[in-house]
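> structure for this input, please:
(one chain, ligands or ions: 1)
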Amino acid sequence: MNTNKNKKNIIKKDLVLLGAGHSNIEVLKKFGTKPIDGLRLTVISNSYFSTYSGMLPGYLKGIYDWKEINIDLAKLCRVYGHRLIISNVIKIDTKNNLVFLENRPSINYDYLSINLGIKTDSSKIKGAEKNCLKLKPISSIKENFDKLLEFNKVNKNNDIVIIGAGAAGFEVALALDENLKRRNIKNNIILLSKNSSVLNQFNKKAEFIAKNTLKKCNVKFLNNAEVVMVTSNYVLLKDGRKIFCKLPILATNSGPLDLLKKSDLPLTKNGSILIESNLLVSGYNNIFSTGDISEIKAYNMPKAGVFAVKQGKILVKNIKKLYLQKKLSLYKPQKYFLSIIGLQNNRALAIKSIFSIKGQLIWNIKKYIDKKFIEKYTLYNKDNHPQDNQSEPVLNQMQCKGCGSKIPQSILNSVFKENTIKGSLDADKVPNTKNIFQTTDIISSIVSDPFELGNISAKHALNDILASNTKPLAAQMIVSLPPAINEINKRDLIQLKSGADYAMKQATCKIIGGHSYNNNDDQVYLGFSIIGKKKNYVKPQKIKKGKLYITGKIGSALVFAAIEKKIISGMYSEEVVNTMKKSNYEIFKIFNKFNMQHITDISGFGLAIHAHNLLLRHSDLNGLEISLKKIPLYEGAIEALNNNVKSSLNDSNKNSIINNLRVDYKKINTKYLNCLFDPQTAGGFLFILDATQKRILDELDKKKINYSYIGRVTNSRKKIKII
Ligand SMILES: Cc1cc2nc3c(=O)[nH]c(=O)nc-3n(C[C@H](O)[C@H](O)[C@H](O)COP(=O)(O)OP(=O)(O)OC[C@H]3O[C@@H](n4cnc5c(N)ncnc54)[C@H](O)[C@@H]3O)c2cc1C
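As a prediction, the model looks like this:
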């Protein structure tokens, strides 16, 4: 009998962070380096990165690129082992401890930390919501800024109008001026203030410096210019003046997110979440809130990132203390805080209380402080050792998940010889039936989001039955969960099952049963056994001069391995996850319509082994030639290969197929060779068509399905030539 002594960390409670704002990011880091036994951390964010507001002006000036001013959420969560859910929070239901998300089931929490920021309030100006670019939420700044630059590059007579001359509007006006000059875009910039002031929240000297700076640069300042309406062609002022422009920027006051109106949290008269000095939401003992979205009773704090950063430290302490049932610490907002506002030509203005000072030194200090902040949350790869050829995957330091954790093909070859010798069929006929086929597949937690894992794992298993040109009928699910109390098991099963149902439904398949068990690991394993019915047997068309195609892209294990090794940005996971989630059922319908036979699923042991399986399965195929540079790769995979990264299963895959490859080393870029051995999870299909089957490509085009021509059928005696 196993005793509990052997069990690792048993999950007892769920801590859910809403938004990766300036305070929650500190929780994410501190609980990553020092996890709390029994407490599982999940981050829900609408983006794979978290934008650091302090560096925004530098980005708008053009001195930082987008990656430099963002914290890599996907990498932090992957390395620290937190669950990351990329979704929009649409409502919080505190009575049932639920967070509602867009287009997916709600998430349960035991402890909640809300740090979602605010949005620019467009409700007070007619037409502003539709016709203006907004500064907040800050995560949408890049999209808005790119749009603005593109538009003004072409439309040289368009005036760039900024509505609101507070700190954000003033700083954005100066930064844009500097950026546009560098790009040789000469459009006018107009800054509108509804009264006579700029930077009215600060002291008189700051305002004096600001106005003087505006005079010296190309920004036209219009005072007493209160905007009452924005149309697609002009901005209308209260006194009747019209300023003709497209895409004005709204930099007025900010307001609460819409989701707060739908939730049942206590709100202040401004619509912010009301919190106590210990950062708990008033009236709750399990919900914290910090940053711009909340207001502390009895304090009138401005909305600024510096407060959220300071709150982060107390938040970390208080979540720990609450869990351990200790007395919470109090947060005292700083009465006077230092604001540094970027001017032009490497100068900045520092303001604290009644003091204001400007100069180059201030800008350099700001750059130093900001870089130090972002460095704190940046993970660097410190391992300079080149990877050896490691045919024992388990001996690799980093272990890939999904298909990267398979038992090597060489072992399967020796134990399941009768299957592998005929090319490891994607799905095989059930004995004593005419046309019932069966397959099975199981993967580990390639993504930490349980709903998406359910979806991806189901798609992954369905791939086998679809590639064997069989319509799925029913599935049995096998799930293994990490050690946790019943309530946590229930939550996980609901998420996994919903995700799996989503994928199965698209493929007209139904989960009719299954089996579950607890493991002693820190991850979920999820798989399916699927049966399907094949159309009546059709004699396969023989192919002599065929072309080899692949749907989608490859390199999923490379991308995740390189992120886990901290070599490439976690943002690259977005493309891979979005592709893994996408059903292949539409492709199957086309293959099925034309009764195609020369297809295989490439999820598993890498492109080379799967291509070779096609040769083993089909006697009419003599050999293949694959052009390495034609293989479509994920963007992150290209960067991973350029950095010599490989998955933990790479070398065992390579060793078991290399004798069947004829590699033309003179013709290829050897750096990219490993893409042939990279195990794919929930990937696409490899298929061969001859000239008579062009209609299939037309159908794929019609459905906007991505496919690439990567090689051809040859006479190379069951060998694959790589050119
Ligand atoms: C141009 C500009 C310059 C600025 N410069 C400074 C400065 O120099 N110093 C300073 O102190 N302040 C500055 N600010 C103010 C600063 O941006 C905010 O005060 C700060 O970002 C607030 O931090 P926060 O942690 O509350 O939320 P945010 O930083 O806004 O973070 C909110 C997080 O929640 C996520 N999120 C939002 N809605 C949802 C949803 N529905 N579902 C899921 N996730 C969601 C977002 O993706 C984001 O990760 C500036 C603002 C602007 C516009």
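
> near the ligand, which residues of the stretch 1-150 of the chain show up?
19-23, 44-47, 50, 53-54, 56-57, 88-89, 115-117, 135-139 (C-beta under 6 Å from any ligand atom). In short, each C-beta sits where N, CA and C put it, glycine included.

> apply 8 Å and report the result again.
Proximity of the stretch 1-150 of the chain to the ligand (C-beta under 8 Å from any ligand atom) is limited to residues 18-25, 44-47, 49-57, 60, 73, 87-90, 101, 115-119, 135-139, 141.

> among those residues, which are located in helices?
When DSSP state H defines the helices, the subset of those inside them is 24-25, 56-57, 60, 73, 141.

> if you rank those residues by neighbours, which is first?
Comparing these on neighbour count, residue 24 comes out first with 29 neighbours (neighbours: other C-beta atoms under 10 Å).

> wait, isn't it in contact with residue 116?
No. In this structure residue 24 lies outside contact range of residue 116 using C-beta atoms under 8 Å: 9.0 Å.

> find the residues that touch each one of these two.
residue 18 (C-beta atoms under 8 Å, 6 or more residues apart in numbering).

> residue 720: how many residues sit nearby?
For residue 720, the neighbour count with other C-beta under 10 Å is 25.

> what does the model give it for pLDDT?
Predicted confidence (pLDDT) at residue 720: the value is 95.

> and residue 306, by the same measure?
90.

> which SS state does it fall under?
Under the three-state scheme (DSSP: H, G, I helix; E, B strand; the rest coil), residue 306 adopts helix.

> just give the nearest non-adjacent residue to it, would you?
Here the nearest residue to residue 306 in space, its sequence neighbours aside, is residue 337; by C-beta to C-beta, 6 or more residues apart in numbering that works out to 5.5 Å.

> is it true that the one you found lies in a helix?
No. Under the criterion used here (three-state DSSP), residue 337 is coil, not part of a helix.

> distance of it from the ligand?
Using C-beta to the nearest ligand atom, to the nearest Å, residue 337 is found at 8 Å from the ligand.

> was I right to think that residue contacts residue 304?
Yes. Shown here, residue 337 and residue 304 form a contact pair, counting by C-beta under 8 Å, at 7.1 Å.

> give me the sheet partners of the longest strand anywhere in the chain and which way each runs.
Looking only at the chain and at elements set by DSSP state E, the strand with the highest residue count is strand 470-481. Using DSSP bridges, the strands paired with strand 470-481 in its sheet are strand 510-518 (parallel), strand 525-534 (antiparallel).

> okay, the last one in CSV with CA atoms only?
Below are the C-alpha coordinates for strand 525-534, written out as CSV (Å, rounded to 0.1, in the frame of the first residue of the first chain):
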residue,chain,number,x,y,z
TYR,A,525,-2.2,13.3,-18.1
LEU,A,526,-5.1,13.1,-20.5
GLY,A,527,-5.8,10.7,-23.3
PHE,A,528,-8.6,9.1,-25.3
SER,A,529,-9.3,5.8,-27.0
ILE,A,530,-11.5,6.5,-30.0
ILE,A,531,-13.4,4.2,-32.3
GLY,A,532,-14.7,5.2,-35.7
LYS,A,533,-16.4,3.9,-38.8
LYS,A,534,-14.6,3.9,-42.2
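
> ok, and what's touching the following helix or strand past that strand?
Secondary structure here is assigned by DSSP states H and E; on that basis, the next helix or strand after strand 525-534 toward the C-terminus is strand 547-551. Defining contact as C-beta under 8 Å, 6+ apart, one finds that strand 547-551 is touched by 584, 587, 602, 607, 611, 624, 626, 631-632, 684-690, 697, 700, 705-713.

> just those: which are in strands?
Filtering the contacts of strand 547-551 for strands - DSSP E - leaves 624, 626, 685-689, 707-713.

> please pick the buried ones from these.
624, 626, 685-689, 707, 710-713 (16 or more other C-beta atoms under 10 Å).

> closest to residue 159 out of those residues?
The shortest gap between residue 159 and any of these belongs to residue 707, at 46.2 Å (C-beta to C-beta).

> what about residue 434, neighbour count?
Close neighbours of residue 434, defined as other C-beta under 10 Å, add up to 10.

> what does residue 352 give?
When neighbours are defined as other C-beta under 10 Å, residue 352 has 15 of them.

> against residue 206, how distant is it?
Computed with C-beta to C-beta, to the nearest Å, the distance linking residue 352 and residue 206 is 10 Å.

> residue boundaries of the strands in the stretch 251-400 of the chain?
Listed from the start of the chain, the stretch 251-400 of the chain has strands (DSSP state E, counting those that start in this stretch) covering 254-255, 273-275, 287-289, 294-296, 339-342, 348-352, 355-359.

> what comes into contact with the second one?
Taking contacts as C-beta under 8 Å, 6+ apart, the residues outside strand 273-275 that touch it are 114, 260, 265-268, 281-282, 288-290, 293-297.

> poorly predicted segments of this structure, please.
1-8, 384-390, 400, 402-404, 412, 537-538 (pLDDT under 70).

> tell me the contacts of the residue nearest to residue 610 when sequence neighbours are not counted?
Spatial nearest neighbour of residue 610, excluding adjacent residues (C-beta to C-beta, 6+ apart): residue 602 at 4.7 Å. Going by C-beta under 8 Å, 6+ apart, residue 602 touches 550, 554, 610, 680, 683-686.

> which secondary structure state is assigned to residue 41?
Recorded secondary structure, residue 41: strand (three-state DSSP).

> that one against residue 82, yeah?
Yes. The pair residue 41 and residue 82 qualifies as a contact (C-beta under 8 Å) at a distance of 4.6 Å.

> so which of the two has more stuff around it?
Of the pair residue 41 and residue 82, residue 41 is the one with more neighbours under other C-beta under 10 Å, namely 24 against 21.

> how close does that one get to residue 288?
Distance, residue 41 to residue 288, using C-beta to C-beta: 13 Å.

> re the thing from before, report the set of residues contacting both of residue 41 and residue 82.
Counting by C-beta under 8 Å, 6+ apart, the residues touching both residue 41 and residue 82 are 28, 31-32.

> looking at those, spot the one nearest residue 575.
The closest of the shared contacts of residue 41 and residue 82 to residue 575 turns out to be residue 28 (C-beta to C-beta; 22.9 Å).

> would you mark the buried spots in the helix or strand harbouring the closest one?
Following DSSP H and E, one finds residue 28 within helix 24-33. By neighbour count on 16+ other C-beta under 10 Å, the buried set for helix 24-33 is 24-32.

> for stretch 189-198, same thing?
189-194, 197-198.

> now secondary structure too, for these, in CSV please.
Converted to CSV, the buried residues of stretch 189-198 look like this (three-state DSSP):
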residue, secondary structure
189, strand
190, strand
191, strand
192, strand
193, coil
194, coil
197, coil
198, coil
